[in-house]
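Peer 1: please work out how this folds:
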Amino acid sequence: MMPVISKMYCSSSQKVLGVRRRPHVVNGGGFVVTDCSAQRVVFKVDGCGIHGTKEQLILRDGEGDALLLMRRKGGMVEALSIYKKWKGYSMNYEGSQTLVFSLKEPNSCFVRNNGIRISIEPRGSSNKGWDFEIRGYFPDRNCSIVDIRGNVIAQVGVNKEVEKLMETKDLYNVVVKPGMDQAFVFGVIAVLDYIYGESTYC
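Peer 2: Residues are numbered from 1 along each chain as shown. Coordinates of the predicted model:
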C-alpha cells in the first residue's frame, strides 16, 4: 500500500476508472471519475472556472467533500526558474492543509527531455529528487505515471471503440495498479489536464 492522501483510496486489486470531462459552458469545467465496475462516482475535480481562482484545482470525493487542493506557485521566482511548480495539499474535515506532493513541469526548452516529475512530501529517501514521472503525452490519452524504478503505477488510455463512436477525448480510462493511492493519481491527472489547457483550465 502506498497512501499519499489516505489508505482508504488504496485498493488491493487493480482498478479501472472512467473519466468524463465536464464542459466549461455548463458548470465551469473539470471532470468526474467513475468506478467502471461499481458504476458510482468516486471523485470530482473542480476546474478553476467553478471557483474562479486561476491555477487552483480541487479534487473532491464522491460525496463532494474536498480531499486535495492543487495550486501553482507563481511570481518572480517561478519566472526565473527552469521549472513551473505545482503543490498538492491534502485537506481534512476541519479545512487544514498539509503538503503531500509537488509536481514540476519544464518552463524552458532546455529541459524538454526531462519530463514532468512528481515528489512526495515530505521528501523521501529518493536521491534523484523525485518519486514519479509522466511518460507519454496526456493530450493523446496515452501516458503513464511511473515510479522511480520504472514501474507503471497508473496508465491513461482510451477505449478504441468508444473513441471511434464518439470521436472525442472527453471520455477516457485510467488503470490504477494495486496498492496505489487513487486520490493522488487523480490529483496528478487534474494538474496534467490544466497544464495542457483542457477541462480544468480557465
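Peer 1: now Arg21, which residues is it bridged with?
Peer 2: Legend: beta-bridge partners of Arg21 under DSSP bridges are Phe31.
Peer 1: for Asp61, see how far away it is.
Peer 2: 19 Å (CB to CB, to the nearest Å). Where you see a C-beta, it was placed from the backbone N, CA and C, and this is true even at glycine.
Peer 1: just how off-centre is the top helix by length along the chain within its chain?
Peer 2: Counting residues, the longest helix found in the chain (DSSP state H) is helix 182-195. How far helix 182-195 lies from its chain's middle: 1 Å, per CA atoms, centre = their mean, to the nearest Å.
Peer 1: what are the buried residues along it?
Peer 2: For helix 182-195, burial by neighbour count (16 or more other CB atoms under 10 Å) applies to 182-195.
Peer 1: next up, the contacts around Glu121.
Peer 2: 99-102 (CB atoms under 8 Å, 6 or more residues apart in numbering).
Peer 1: worst mean pLDDT across the helices and strands of the chain, which element?
Peer 2: Each helix and strand of the chain was given a mean pLDDT (mean pLDDT, DSSP states H and E); the minimum falls on helix 76-80 at a mean of 54.
Peer 1: taking the mean pLDDT, what do you get for whichever helix or strand comes after that one?
Peer 2: For helix 76-80, the following helix or strand on the C-terminal side (DSSP states H and E) is strand 83-91. Across strand 83-91, pLDDT averages out at 89.
Peer 1: same for strand 83-91, what does it pack against?
Peer 2: strand 66-73, strand 97-106, helix 182-195 (3 or more CB pairs under 8 Å, 6 or more residues apart in numbering; DSSP states H and E).
Peer 1: could you report the separation of Met180 from Ser144?
Peer 2: Taken as CB to CB, the span from Met180 to Ser144 is 12 Å.
Peer 1: more crowded one of those two?
Peer 2: Met180 (24 against 17; other CB atoms under 10 Å).
Peer 1: what bridges to the more buried one?
Peer 2: Met2.
Peer 1: which residues of the chain score low on pLDDT?
Peer 2: 1, 23-28, 51-52, 74-82, 93-95, 107-114, 123-127, 160-169 (pLDDT under 70).
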